[in-house]
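J.: need coordinates for the following:
(one chain, ligands or ions: 2)
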Amino acid sequence: MPRYAQLVMGPAGSGKSTYCSTMVQHSETLNRSVQVVNLDPAAEHFDYPVMADIRELIQVDDVMEDDSLRFGPNGGLVFCMEYFANNFDWLEESLGHVEDDYILFDCPGQIELYTHLPVMKQLVEQLQQWEFRVCGVFLVDSQFMVESFKFISGVMAALSAMVSLEIPQVNIMTKMDLLSPKAKKEIEKYLDPDMYSMMEDGSNTIRSKKFKKLTKAICGLIDDYSIVRFLPFDRTDEEGINIVLQHIDFSIQYGEDLEFKEPKEVEEQPANLNYDEIFQDKVNS
Ligand SMILES: Nc1nc2c(ncn2[C@@H]2O[C@H](COP(=O)(O)OP(=O)(O)OP(=O)(O)O)[C@@H](O)[C@H]2O)c(=O)[nH]1
Ligand SMILES: [Mg+2]
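T.: Ligands and ions are numbered 1, 2, ... in the order given. You can find the predicted model right below:
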């Protein structure tokens with residue numbers, strides 16, 4: 001039986017931990033069991049019950065206080081994650097093995113983890129060996145996405161995670177509830193963006209001709225291949241949360257192996273049915 005995982009990633013403060021606790025609560029209402037693993041060795045608080053916590057293995061504070069290492073907060077975090085990658089047996093033991101597990105991994109916010117460091121990729125490969133189907137969930141704060149040039153950097157961050165991890169990825173704009181009605185309207189165009197026209201919008205903010213050309217080329221690439229799309233996430237909107245969950249479930253084929261429901265029997269129709277006539281009858285009646 002496969003197991004299922006969401007790797008919840010995104011820049012610092014983008015709402016990863018909040019997303020995890022919202023998903024746990026939402027899943028409870030659906031009668032689904034979803035567990036969370038905290039993978040942030042610097043985490044101070046989160047309000048979901050954890051099934052495993054990386055801080056039991058290693059903590060950033062301890063690394064920073066170590067006289068022989070002398071790391072700052074970011075170097076310390078990278079050290080912790082590398083240590084974690086060398087000790088995956090800790091994770092294996094903490095996860096146990098329950099059929100049909102569905103686990104959210106709340107990751108740290110350092111962006112370098114998703115751009116060039118190998119640890120997330122190693123984690124994905126390890127999870128896949130343990131029969132997990134893994135979906136990347138990349139969160140970006142909608143507050144920072146209301147201008148074209150910021151949107152492009154958000155897209156690039158999401159894209160770099162997609163390219164380095166090589167797993168299905170769902171990109172999400174968080175904190176939609178904080179947007180004013182005007183900003184909400186404005187952001188709609190970013191949810192299904194026409195990157196070319198966006199480039200025209202942003203022409204005032206990018207002054208250098210050379211960079212305009214580069215940005216245009218990037219926008220064209222993203223648009224032509226439809227590679228990055230965002231779903232809105234408003235933690236107060238159950239319907240919206242459900243749509244996000246459905247996208248993720250679909251990408252890892254969650255539910256495919258669950259019980260199969262017989263389709264309702266349809267009354268047999270005469271073979272030479274004239275649909276135009278039936279339609280016309282309906283319209284007339
Ligand atoms: N209103 C609102 N606030 C949110 C939402 N998501 C997150 N926040 C707030 O944003 C702040 C950061 O949220 P976190 O969930 O801790 O973000 P994070 O990505 O886990 O942060 P790091 O782990 O530090 O990278 C907190 O104050 C949250 O309450 C949201 O959907 N709506
Ligand atoms: Mg967090």
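
J.: now do the strands in the stretch 51-200 of the chain.
T.: 102-106, 132-141, 169-174 (DSSP state E, counting those that start in this stretch).

J.: neighbouring contacts of the shortest one?
T.: By that I understand strand 102-106. With contacts defined as C-beta atoms under 8 Å, 6 or more residues apart in numbering, strand 102-106 is touched by 3-8, 16-17, 20, 23-24, 27, 32-40, 43, 46, 48, 51, 95, 123, 132, 254. Yep, even glycine has a C-beta here, placed from its N, CA and C like the rest.

J.: the same query, at a cut-off of 6 Å, please.
T.: With C-beta atoms under 6 Å, 6 or more residues apart in numbering as the contact definition, strand 102-106 has outside contacts at 4-8, 16-17, 20, 34-39.

J.: ok, now which ones touch whichever residue of the stretch 1-150 of the chain sits closest to ligand 1?
T.: Closest contact between the stretch 1-150 of the chain and ligand 1, by C-beta to the nearest ligand atom, is at Gly109 (2.6 Å). For Gly109, the contacting residues are Pro11, Ala12, by C-beta under 6 Å, 6+ apart.

J.: before we move on, the earlier item: so which of the contacts of strand 102-106 sit within strands?
T.: Under the assignment DSSP state E, these contribute Tyr4, Ala5, Gln6, Leu7, Val8, Gln35, Val36, Val37, Asn38 to strands.

J.: quick revisit: dump the contacts of strand 102-106 into a markdown table; add neighbour count as well.
T.: Rendered in a markdown table, the data for the contacts of strand 102-106 read as follows (neighbours: other C-beta atoms under 10 Å):
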| residue | neighbour count |
| --- | --- |
| Tyr4 | 22 |
| Ala5 | 26 |
| Gln6 | 26 |
| Leu7 | 25 |
| Val8 | 25 |
| Lys16 | 26 |
| Ser17 | 22 |
| Cys20 | 26 |
| Val34 | 21 |
| Gln35 | 18 |
| Val36 | 23 |
| Val37 | 20 |
| Asn38 | 22 |
| Leu39 | 27 |
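
J.: what's the closest of these to Tyr190?
T.: Comparing those against Tyr190 with C-beta to C-beta picks out Lys16 as the nearest, at 20.0 Å.

J.: cool, thanks, talk later.
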